[in-house]
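>>> What would the 3D arrangement of this be:
(one chain, ligands or ions: 2)
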Amino acid sequence: MLPQVEEILAIFKKHGDLNYGESMSVLSHSIQSGLIARNLGLTDSLLVAAYLHDIGHICPLFEGVKNSMMDGYGLNEHDLLGAHFLERKGFDETVTIPIRNHVASKRYLCLKDESYFSKLSKASVTTLDFQGGVMDAYESLIFENSPFFEESLSLRKIDDEAKEENFIVTDFHLNDMAEILNQYLIKLS
Ligand SMILES: [Fe+2]
Ligand SMILES: [Fe+2]
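Ligands and ions are numbered 1, 2, ... in the order given. Coordinates of the predicted model:
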């Protein structure tokens with residue numbers, strides 16, 4: 001297995017149980033996201049992005065870097081931290097841009113879809129304020145014309161779905177994720 005995939009597995013194993021304000025751990029949420037992307041038959045890039053979109057909550061802890069916590073709701077700017085980390089590990093922009101945009105996508109959908117806000121989890125509503133609040137019309141125009149806009153919204157919708165409280169993560173799920181990440185990086189190289 002590639003060393004960066006070993007590292008990602010180690011990060012999830014060491015810090016994946018982080019409670020970030022939702023009713024499940026970062027690891028549970030991440031595995032659920034990957035499974036939803038797979039069931040939807042999305043591209044390999046979005047499948048990988050689904051598994052890794054919240055790694056920015058925990059990779060800085062693994063690297064010993066402290067960042068401001070959002071009152072028990074994880075790391076502020078985890079979207080950017082995760083995208084930068086994954087760039088350094090060799091993932092391409094079809095993965096990293098939707099991840100970098102996954103908070104912006106929430107802010108966008110709150111502006112554009114009236115029913116969206118009412119379906120957000122309590123934690124997502126709370127963190128919205130830390131994250132700049134609902135997007136304004138000008139920002140939304142820029143966002144709509146940015147690369148991987150549609151893919152970013154697709155990732156966000158998976159993110160919002162993957163919040164089953166009683167989901168149990170097994171070694172099978174972790175090994176499956178590692179295999180998918182490994183194959184993806186090998187294809188890129
Ligand atoms: Fe997130
Ligand atoms: Fe998430």
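
>>> I figured residue 82 was touching residue 59, is that so?
Yes: with contact defined as CB atoms under 8 Å, residue 82 reaches residue 59; the gap is 6.6 Å. (C-beta placed from N, C-alpha, C; glycine too.)

>>> quick one, what contacts the most centrally placed residue in the chain?
By CA atoms, centre = their mean, the chain has its centre lying nearest to residue 53, at 1.9 Å. In this structure, residue 53 makes contact with 30, 33, 82, 98, 99, 102, 155, 159, judged by CB atoms under 8 Å, 6 or more residues apart in numbering.

>>> With only the CA atoms kept, save the longest helix belonging to the chain in PDB.
Across the chain, the helix with the greatest residue count (assigned by DSSP state H) is helix 171-188. Extracted in PDB, the C-alpha atoms of helix 171-188 (Å, rounded to 0.1, in the frame of the first residue of the first chain):
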ATOM      1  CA  ASP A 171     -12.100  -3.100   9.700                       C
ATOM      2  CA  PHE A 172     -13.700  -4.200   6.400                       C
ATOM      3  CA  HIS A 173     -14.900  -0.600   5.800                       C
ATOM      4  CA  LEU A 174     -11.400   0.800   6.600                       C
ATOM      5  CA  ASN A 175      -9.600  -1.700   4.300                       C
ATOM      6  CA  ASP A 176     -12.100  -1.100   1.600                       C
ATOM      7  CA  MET A 177     -11.500   2.700   1.800                       C
ATOM      8  CA  ALA A 178      -7.700   2.100   1.800                       C
ATOM      9  CA  GLU A 179      -8.000  -0.100  -1.300                       C
ATOM     10  CA  ILE A 180     -10.000   2.600  -3.200                       C
ATOM     11  CA  LEU A 181      -7.600   5.400  -2.200                       C
ATOM     12  CA  ASN A 182      -4.600   3.200  -3.200                       C
ATOM     13  CA  GLN A 183      -6.000   2.300  -6.600                       C
ATOM     14  CA  TYR A 184      -6.900   6.000  -7.200                       C
ATOM     15  CA  LEU A 185      -3.400   7.200  -6.600                       C
ATOM     16  CA  ILE A 186      -1.800   4.500  -8.600                       C
ATOM     17  CA  LYS A 187      -4.000   5.400 -11.600                       C
ATOM     18  CA  LEU A 188      -2.900   9.100 -11.200                       C
END
